[in-house]
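Participant: Would you be able to build a 3D model of this:
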Amino acid sequence: MERKTMSIHPNFADWYRSAMITVPEGLLQKRWTAVEAVAKKPNADLIIRLAKLFTLPSAAESAVPEGFREAFRAQDETFPSRDNIQEMRVLAGAVLRLIIDERGQLAALASLALACGSFGPRGVTLSEHEHLDSAERYLLEHAKKIRECVAPSVVKVPNLTKTRISELFPQTAFANIQALQEPLVSTLTEIGSGVSNALKAIEALSHTVKVREEELNILWWLQTGFSRHLQKTFVETGYETGALIFPVELAELTSFVPGPESATAVLVHALQVAGVPSSSATITLAKAINATPREWREKLHTELDLTSVDLLCPVLLGVQKSLETDGADEWLPVYKKACDVPIDKPYSVLGIAVQTYREQLLNSLLAEKR
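Facilitator: Numbering: from 1, shown residues only. Okay, the predicted model is just below:
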């Protein structure tokens with residue numbers, strides 16, 4: 001079904017002004033028409049590239065996805081072919097926002113990509129923070145919606161006893177083969193209706209079981225306070241190591257992406273058990289990564305493909321870069337050269353844990369959507 005052309009988003013002009021850009025008079029509608037055209041048929045790889053273009057403060061011309069400019073030139077032949085990277089970032093944000101607002105199949109991926117890519121100081125440099133707020137709201141809304149459990153309706157199985165069958169197919173019906181059509185169709189329709197209702201009930205029950213299983217697995221993990229990866233208690237693991245390991249384990253227990261509304265609260269509790277001194281405690285990315293066993297990082301690295309999401313996942317990228325050298329400090333220059341997120345700046349311990357959790361979910365969802 002073709003999607004109808006939408007009116008311009010009421011804040012579209014403001015997004016341009018936030019980036020200190022003035023759209024040539026009369027071209028705002030054409031820009032929005034092109035935004036709609038791109039958002040109409042998105043794919044996972046395009047979303048990842050647009051998220052990079054929008055969230056990375058140092059985005060260069062090479063960050064513009066192939067064919068993205070052409071969509072705008074199709075509406076305006078005077079659209080620049082280069083040297084307007086700031087406008088391209090505004091338009092990338094607009095496309096992502098439209099994908100999120102329309103609540104389509106890739107809205108969760110767009111929201112996670114925006115949230116992950118805006119970690120740390122990047123959030124301050126966004127040309128439009130409203131897009132990140134919209135992504136955060138959608139993640140909470142979607143997390144709740146996909147975990148809703150509906151009680152299955154009562155299934156009425158047709159009671160086709162011998163007496164009932166005799167009523168449906170009286171002896172007189174067999175005298176004329178054409179007379180069998182109506183009772184036969186009615187009987188099969190009755191059976192089909194019962195089967196259809198039964199399948200819907202089974203589907204509802206299956207979903208409920210999966211939701212409850214996710215809840216139970218997370219609850220048991222939290223209740224036991226035991227790291228499956230390290231085979232240690234949360235107390236023995238410690239909060240510095242747990243800042244990365246706990247969210248990775250939680251992501252493995254998450255059956256539906258994005259994770260449950262309680263995910264942040266679960267991480268708070270796990271870190272408290274592990275000894276985090278306060279909710280405002282901070283740690284650098286370098287210290288948190290170095291606190292994890294190298295063997296654990298090596299195993300995690302083999303399970304991840306950061307080829308396309310590297311800069312959207314600064315924590316997991318740090319894990320990867322920490323394996324390129326031997327010393328605890330030798331990899332820091334390697335990371336600084338590859339990523340703009342400061343590795344030696346203190347961040348909230350909880351903030352790093354939530355970021356790691358989301359990065360894991362982003363990778364999981366991207367693999368599913370490709």
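Participant: I'd guessed residue 58 sits against residue 340; true?
Facilitator: Yes. Taking contacts as C-beta atoms under 8 Å, residue 58 lies within contact range of residue 340: 5.5 Å. All C-beta atoms are positioned from the backbone trio N, CA, C, and that covers glycine.
Participant: Neighbour count for those two, which is higher?
Facilitator: Applying other C-beta atoms under 10 Å to residue 58 and residue 340 shows that residue 340 carries more neighbours, namely 15 against 10.
Participant: Is that one in a helix, a strand, or coil?
Facilitator: Following DSSP: H, G, I helix; E, B strand; the rest coil, we place residue 340 in the coil state.
Participant: So what does it look like in phi/psi?
Facilitator: Here is the backbone geometry of residue 340 (degrees, to the nearest 10): phi -80, psi -10.
Participant: Quick check: phi and psi on residue 239?
Facilitator: Dihedral angles of residue 239 (phi, psi; degrees, to the nearest 10) stand at phi -70, psi -30.
Participant: Enumerate every residue touching it.
Facilitator: 271, 274, 275, 276, 281, 349 (C-beta atoms under 8 Å, 6 or more residues apart in numbering).
Participant: For the fifth one, which non-adjacent residue is spatially closest?
Facilitator: The reference is to residue 281. Nearest residue to residue 281, sequence neighbours excluded (C-beta to C-beta, 6 or more residues apart in numbering): residue 349, at 4.9 Å.
Participant: ok, now the first one?
Facilitator: Closest residue to residue 271 apart from its sequence neighbours, by C-beta to C-beta, 6+ apart: residue 239 at 5.0 Å.
Participant: any idea how far residue 251 is from that neighbour?
Facilitator: Noted for residue 239: a distance of 18 Å to residue 251, by C-beta to C-beta, to the nearest Å.
Participant: can you check residue 96 too?
Facilitator: Look at residue 96 and residue 251: by C-beta to C-beta, they are 23 Å apart.
Participant: out of the two, which sits in the more crowded spot?
Facilitator: Per other C-beta under 10 Å, whichever of residue 96 and residue 251 has more neighbours is residue 96, with 32 against 20.
Participant: wait, what's in contact with that one?
Facilitator: Listed by C-beta under 8 Å, 6+ apart, the contact set of residue 96 reads 47, 50, 51, 54, 110, 113, 114, 131, 135.
Participant: avg pLDDT for the lengthiest helix in the chain?
Facilitator: When the chain is scanned for its longest helix (criterion: DSSP state H), the result is helix 181-224. For helix 181-224, mean pLDDT rounds to 80.
Participant: That one - contacts with which helices or strands?
Facilitator: Counting contacts by 3 or more C-beta pairs under 8 Å, 6 or more residues apart in numbering; DSSP states H and E, helix 181-224 packs against helix 162-168, helix 239-253, helix 263-273.
Participant: Kindly recompute the last result at 6 Å.
Facilitator: On a contact count with 3 or more C-beta pairs under 6 Å, 6 or more residues apart in numbering; DSSP states H and E, helix 181-224 meets helix 239-253.
Participant: what angle separates the helix it packs on from helix 181-224?
Facilitator: 170 degrees (axes from the mean of the first three to the mean of the last three C-alpha atoms, to 10 degrees).
Participant: so helix 239-253 versus helix 263-273, what angle?
Facilitator: Per the same axes, to 10 degrees, the angle that helix 239-253 makes with helix 263-273 is 140 degrees.
Participant: and helix 239-253, how far from the chain's centre?
Facilitator: Mean-position distance between helix 239-253 and its chain equals 18 Å (C-alpha atoms, centre = their mean, to the nearest Å).
Participant: do stretch 78-91 as well
Facilitator: Worked out by C-alpha atoms, centre = their mean, stretch 78-91 lies 27 Å from the chain centre.
Participant: if we can go back for a sec, now for the residue nearest to residue 281, how many residues are close by?
Facilitator: Applying other C-beta under 10 Å, we find 25 other residues in the vicinity of residue 349.
Participant: Who are the contact partners of it?
Facilitator: Counting by C-beta atoms under 6 Å, 6 or more residues apart in numbering, residue 349 makes contact with 243, 276, 281, 283.
Participant: Please give the element, helix or strand, for residue 124.
Facilitator: Under the criterion of DSSP states H and E, residue 124 resides in helix 122-125.
Participant: Can you show me the CA trace of whichever helix or strand comes after that helix as PDB?
Facilitator: Remark: after helix 122-125, the chain's next helix or strand is helix 129-145, criterion DSSP H and E. Taking C-alpha atoms only, helix 129-145 is exported to PDB below (Å, rounded to 0.1, in the frame of the first residue of the first chain):
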ATOM      1  CA  HIS A 129      18.300  17.100  20.700                       C
ATOM      2  CA  GLU A 130      14.600  16.600  20.100                       C
ATOM      3  CA  HIS A 131      15.400  13.600  17.900                       C
ATOM      4  CA  LEU A 132      17.200  11.800  20.700                       C
ATOM      5  CA  ASP A 133      14.300  12.600  23.100                       C
ATOM      6  CA  SER A 134      11.900  11.100  20.500                       C
ATOM      7  CA  ALA A 135      14.100   8.000  20.200                       C
ATOM      8  CA  GLU A 136      14.200   7.500  24.000                       C
ATOM      9  CA  ARG A 137      10.400   7.800  24.300                       C
ATOM     10  CA  TYR A 138       9.900   5.300  21.500                       C
ATOM     11  CA  LEU A 139      12.200   2.800  23.100                       C
ATOM     12  CA  LEU A 140      10.300   2.900  26.400                       C
ATOM     13  CA  GLU A 141       6.900   2.800  24.500                       C
ATOM     14  CA  HIS A 142       8.000  -0.100  22.300                       C
ATOM     15  CA  ALA A 143       9.600  -2.100  25.100                       C
ATOM     16  CA  LYS A 144       6.300  -2.000  27.000                       C
ATOM     17  CA  LYS A 145       4.100  -2.700  23.900                       C
END
